[in-house]
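Student: 3D, please:
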Amino acid sequence: MHQGSILIVDDEPGIRELLGQILGDEGYETAEAASGEEALTLLERELYDLVLLDLWLPGIDGLEVLRRLREAGYQVPVIVISGHASGEQAVAAVREGARDFLEKPLSYDRVVLSVRNALDQARLERRVAEAAEGRVALTGSSPAIRELRRQVITAGASEGRVLISGPNGSGKEVVARMLHRHSGRAGGPFVAVNCAAIPSELIESELFGHLRGAFTGAVESKRGKFELADGGTLFLDEIGDMSLLTQAKVLRVLQEQRFTRLGGSREITVDVRVIAATNKDLEAEIEAGRFRQDLFFRLNVIPVRVPALAERLEDIPELVEEFVAEVAGSTGLRPKLFAPDALDRLREYGWPGNVRELRNVVERVMIMVPGETIHAADLAFLPADSGVAPPAGEVPRDLPLREARERFEREYIRQALERCGGNVTRAAARLGVERSHLHRKLRQLGLAPR
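Tutor: Residues are numbered from 1 along each chain as shown. Here you go, the predicted structure:
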C-alpha cells in the first residue's frame, strides 16, 4: 500500500536528515526544503501527503507558510515542529490549520505516531468527500436476483477483478458497491469513475492525478482516483468508452500497481482492486479494434451479469416500496401507496431504462399525484409501446411448460426483430439483453435475423 510522501521543511540539515531516516524506516517517501520559499515552490510542483514544518525559518516563517497554504486552498495536512515556540504560537499554528505540534528535541515514537494519525485522518476525510453514498443492496426475490446476490457474495470475498455487464440503469454500480462491502477491503475507500462522462483529454488526469501546471487549466495539483482508492476498490464504470491510449495505461497499472501523475516523475505505488462495468459487448468491441483484448482478459477474471428489469418484473413491488421510502426520506413527501392496478401497469411496461427509470417514475408520481394512493390512471404517461416487443399471442394451455415457454419466447423475440428491421443489436437493446445473449437465444430457438 502507498504509505505516503512527506515534505520535511527545516533550516537545520541535521533535523532534516534525522526525520528523513525516521520516516524512511517506516516506509514513507520524503523530500526536503531548507526554507519556506523553497517549500512553497516544491508544493507548487509536487503533491505531498503531509508536510512537517518548522516554525522558525529564514525568510518566510512557518506561520506565514501555513497562511499561504490555507489561502491558496491546499488541503495537505501540516504538522508543526519547533524548539522555541511559545504557547501562543502553537495555538496560532493550529488556528492556521496545523494538525499537530511537535517540540524539539524530537522523539522517534512521537514523530511516527503523529504522522500516522495525521495521514489516517486525512485519508478518512478524503473518503468521506470522495465516496458518494449509494444503494448497497440488491432488492428483489426473483431467481435472477437471488443468483446475482449469491455471485456477488462469493466474488466479493476474493481479490479477483470483476467485470460487470448489463444494460444502462440496471444497477451495475450497486453490484460494485456490494462486491466492495463483502470484500476484505470494506474498511477502505470505494471510488467510482464514469469513463463515459469524462472527456477523453481529461480521463488520464482523473485516473492518475496531475501536478500544477501539467496542462492548460491545471491551476492546482490533484490526486487521481487510483491514489484515492489506495487500500480499497476502484470502480471503472462504462469501461468500454475508454480510449485505446488510456486503456494501455490502465493495463500497466493493473500489471504493476504503479503509475506517475501527469507532469510528475515520481512513481506512486498503490494497492487497489479494480472492478469494471460495461453496457457494451466487449468481445464485439475487440473485434472492431476499439477495445484491447489483453485488458479484457485482465478485467474479466470473474464475469457478473446484471439482469434487465424486464427479466425480473416480479421484483417491481419490492423496488417500488424501497423507492417510495427513499423519495419520502430525501424530499419530505409523505409515502404513497401503489394500488394493485398501478403495480399491474408497472409490470406491463417494458422498462427500457431499467431500475433507474422505475425510480424516476416513482418520484414523479409521488410529486405530481395529489392523493395518497397511486392508481393505473396516474401512470397514463407511460407509453403503450415501451420500446420492446409486445407479448406474443396466447399459447395453447395443453402444451408442456417447456414447449409453451419456447413458443412464447420465439414469437416475442421474432416480433422484436421485426420491429428493428432484423438488426440484432437494436433488438437486444429493446429487449434489455446483451447482444451475445440474444445471438445464443436465436440459435437455440431456430431464429435467424434477416
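Student: and residue 232, what pLDDT?
Tutor: Residue 232 is assigned 94 on the pLDDT scale.
Student: let me fix that, I meant to ask about residue 120.
Tutor: 79.
Student: and the next helix or strand past the helix or strand in which it is found?
Tutor: Using DSSP states H and E, residue 120 sits in helix 108-130. Sequence order places helix 143-156 as the next helix or strand after helix 108-130, per DSSP H and E.
Student: pLDDT of that following helix, averaged?
Tutor: Confidence for helix 143-156, expressed as mean pLDDT, is 92.
Student: pull the CA atoms of that helix into CSV?
Tutor: The C-alpha coordinates for helix 143-156 follow below in CSV (Å, rounded to 0.1, in the frame of the first residue of the first chain):
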residue,chain,number,x,y,z
PRO,A,143,-34.5,-16.2,-9.2
ALA,A,144,-32.3,-13.8,-11.3
ILE,A,145,-31.6,-11.6,-8.3
ARG,A,146,-31.1,-14.4,-5.9
GLU,A,147,-28.5,-15.9,-8.2
LEU,A,148,-26.8,-12.5,-8.7
ARG,A,149,-26.7,-12.0,-4.9
ARG,A,150,-25.0,-15.3,-4.5
GLN,A,151,-22.4,-14.5,-7.1
VAL,A,152,-21.7,-11.1,-5.5
ILE,A,153,-21.1,-12.6,-2.0
THR,A,154,-18.8,-15.3,-3.5
ALA,A,155,-16.9,-13.0,-5.7
GLY,A,156,-16.7,-10.2,-3.2
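Student: elements contacting that helix?
Tutor: Helix 143-156 is packed against helix 172-181, strand 302-305, with contacts defined by 3 or more Cβ pairs under 8 Å, 6 or more residues apart in numbering; DSSP states H and E. Every C-beta, even on glycine, is put in place using the N, C-alpha and C of the backbone.
Student: tell me which residues in the shortest one are buried?
Tutor: Applying a neighbour-count criterion of 16 or more other Cβ atoms under 10 Å, the buried positions in strand 302-305 are 302, 304-305.
Student: would you turn these into JSON lines with pLDDT and distance to residue 256?
Tutor: Below are these laid out as JSON lines (pLDDT from 0 to 100; distance: Cβ to Cβ, whole Å):
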{"residue": "302", "pLDDT": "96", "distance to residue 256": "21"}
{"residue": "304", "pLDDT": "96", "distance to residue 256": "26"}
{"residue": "305", "pLDDT": "94", "distance to residue 256": "30"}
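Student: ok, those residues vs residue 369, which is closest?
Tutor: residue 305 (35.2 Å; Cβ to Cβ).
Student: what bridges to the closest one?
Tutor: Taking DSSP bridges as the rule, residue 305 bridges to residue 165.
Student: now render the helices and strands packed on helix 143-156 as CSV, adding distance to residue 265.
Tutor: Formatted as CSV, the helices and strands packed on helix 143-156 follow (distance: least, Cβ to Cβ, whole Å):
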stretch, distance to residue 265
helix 172-181, 32
strand 302-305, 36
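Student: mind listing the strands for the stretch 251-400 of the chain?
Tutor: Assigned by DSSP state E, counting those that start in this stretch, the strands in the stretch 251-400 of the chain fall at 258-260, 267-269, 273-278, 302-305, 337-338, 373-374.
Student: closest one to residue 52 among the ones you listed?
Tutor: strand 267-269 (19.7 Å).
Student: what's the closest one packed up against?
Tutor: Using 3+ Cβ pairs under 8 Å, 6+ apart: strand 267-269 touches strand 258-260.
Student: ok, the strand it packs on: who's next to it in the sheet?
Tutor: Applying DSSP bridges, strand 258-260 is found paired with strand 267-269 (antiparallel).
Student: buried set for the strand it pairs with?
Tutor: By 16+ other Cβ under 10 Å, the buried positions in strand 267-269 come out as residue 268.
Student: which residue is nearest the middle of this structure?
Tutor: Taking Cα atoms, centre = their mean, the centroid of the chain lies closest to residue 192, which sits 1.1 Å from it.
Student: quick one on the thing from earlier: now, which of the buried residues of strand 302-305 sits nearest residue 170?
Tutor: Nearest to residue 170 among the buried residues of strand 302-305 is residue 305, at 9.3 Å by Cβ to Cβ.
Student: could you count how many residues lie near residue 6?
Tutor: 26 (other Cβ atoms under 10 Å).
Student: buried residues, stretch 318-329. List them.
Tutor: Buried residues in stretch 318-329, counting neighbours by 16+ other Cβ under 10 Å, are found at 319-320, 322-324, 327.
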